[in-house]
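**Q** This is a predicted model, with the sequence first.
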Amino acid sequence: MTPPPRGRRRSSSEAPFPGLGPVGEAVPISTGSAELVVESDGSVLLLVNGVPSSHLDPDPDHLVFEYMRWMRTAMRCWILERRAGDGADGAGSSRRGPELAVAHLGGAGCALPRTLAHDWPRARQIVVELDALLAEHVRTWFSLPRSPQLRIRVDDAAHALEEWREDRFDVLTRDVFAGDRTPASLTSVEAARHARRVLADDGLYLANCASRPGSRLLADELTTLSSVFAHVGAIAEPAHLKGRRRGNCVLLASDAPLPASLDRALRSDPVAVRLAAGEDAARIAAPGTVLEGAAQG
């Protein structure tokens, strides 16, 4: 959903992905085709049915897509403030002990889960991916961690969300698109209620929202989340927050206060990005309505 930025210069000593599939040609998958494009810096862009869906760097510490970096920053701040304790990975005081439970709605190349596994090796992650063949391919192509560190469940994201038991996860992310839109089944108030149900009391929900100028989608999504969660916010470039340009925005929702350190932490991102929370988020949400599963604007 986000065009990839220019690649970084990289040392020639860094090896590419050893199990990478055929490059520059269409590979059949369950929902169409996938294509791998290797950039000059050794990173790999994954196209699904012609749409940029993931961009993975040989270094798992480096996330190429901007909105994924913002999600990672939000998680880092949340963990430091909510889970700080005796664990070396910052998750030691969780009610789940040393393990952090993370679920991802939408997988593609699993770029973010791969990086989070690098950040917190003891975390347990589950990724829901609709396409069975794609899920099989990317695990080999990108040398993804194995279960239980990273498990891939082949399923419809909305169905998995409805099926999960309550209070199961610490963090839930949403990054699902059909073409250039998130399915209405995942932006509805019903989906928001399920997200709240499967999260811990102070759990964090992060959703990738791509809205175009003139659309009320960002306002509608914030309004919808606000009807379910006590605290909501949005991370994006200022022009996007003002509705002047299309772009990716990370929505945040929790029943606990959003991380106080997040706005400052975002200032170190290469992109000029800010957090809209509290009154700022309410102002953006003002023209919005609660989404009941109808078509998005």
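**A** Ah, there it is.

**Q** so what's residue 157 up against?
**A** By Cβ atoms under 8 Å, 6 or more residues apart in numbering, the residues touching residue 157 are 105-106, 128, 130, 174, 176, 183, 186. All C-beta atoms are positioned from the backbone trio N, CA, C, and that covers glycine.

**Q** please redo it, this time with the cut-off set to 7 Å
**A** Applying Cβ atoms under 7 Å, 6 or more residues apart in numbering to residue 157 gives the contacts 105-106, 128, 176, 186.

**Q** what about the nearest residue to residue 260 once chain neighbours are set aside, which SS state?
**A** Leaving aside its chain neighbours, residue 260 sits nearest to residue 81 (6.8 Å; criterion: Cβ to Cβ, 6 or more residues apart in numbering). Assigned with DSSP: H, G, I helix; E, B strand; the rest coil, residue 81 falls in the helix class.

**Q** so residue 81 touches residue 259, yeah?
**A** Yes: between residue 81 and residue 259 a contact is recorded at 5.1 Å, counting by Cβ atoms under 7 Å.

**Q** Would you mind telling me which of these two has the busier surroundings?
**A** residue 259 (25 against 17; other Cβ atoms under 10 Å).

**Q** Next, the more buried one: secondary structure please.
**A** Strictly by three-state DSSP, residue 259 counts as coil.

**Q** repeat for the one 5 residues further on
**A** Secondary structure state of residue 264, per three-state DSSP, is helix.

**Q** and the gap between it and residue 278?
**A** Noted for residue 264: a distance of 15 Å to residue 278, by Cβ to Cβ, to the nearest Å.

**Q** Check residue 39 too.
**A** Residue 39 is 39 Å from residue 278, where distance means Cβ to Cβ.

**Q** The stretch 101-250 of the chain: strands as residue ranges?
**A** Along the stretch 101-250 of the chain, the stretches classed as strands by DSSP state E, counting those that start in this stretch are 101-105, 124-129, 150-154, 169-174, 199-211, 231-236, 247-254.

**Q** Let's have those in TSV, adding mean neighbour count.
**A** Shown next, in TSV, are the strands of the stretch 101-250 of the chain (neighbours: other Cβ atoms under 10 Å):
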stretch	mean neighbour count
strand 101-105	25
strand 124-129	24
strand 150-154	19
strand 169-174	25
strand 199-211	22
strand 231-236	24
strand 247-254	24
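
**Q** nearest to residue 51, of the ones you listed?
**A** For residue 51, the closest of the strands of the stretch 101-250 of the chain is strand 199-211, at 11.2 Å, according to Cβ to Cβ.

**Q** what's the least confident helix or strand in this structure, going by average pLDDT?
**A** With mean pLDDT, DSSP states H and E as the measure, the helix or strand of the chain carrying the lowest mean pLDDT is helix 238-241 (a mean of 82).

**Q** Can you list the buried residues in that one?
**A** 240-241 (16 or more other Cβ atoms under 10 Å).

**Q** ditto for stretch 29-46
**A** Buried residues in stretch 29-46 (16+ other Cβ under 10 Å): 29, 34-36, 39, 41-46.

**Q** tell me the two of those residues that are most distant?
**A** Farthest apart among the buried residues of stretch 29-46 - using Cβ to Cβ - are 29 and 41, which lie 25.6 Å from each other.

**Q** so where is the stretch 51-200 of the chain shaky, pLDDT-wise?
**A** Applying pLDDT under 70 to the stretch 51-200 of the chain flags residues 83-98.

**Q** And the helices in it?
**A** 66-82, 111-119, 132-141, 157-163, 184-187, 189-198 (DSSP state H, counting those that start in this stretch).

**Q** Check the offset of the second one from the chain's centre.
**A** The gap between where helix 111-119 is centred and where its chain is centred comes out at 11 Å by Cα atoms, centre = their mean, to the nearest Å.
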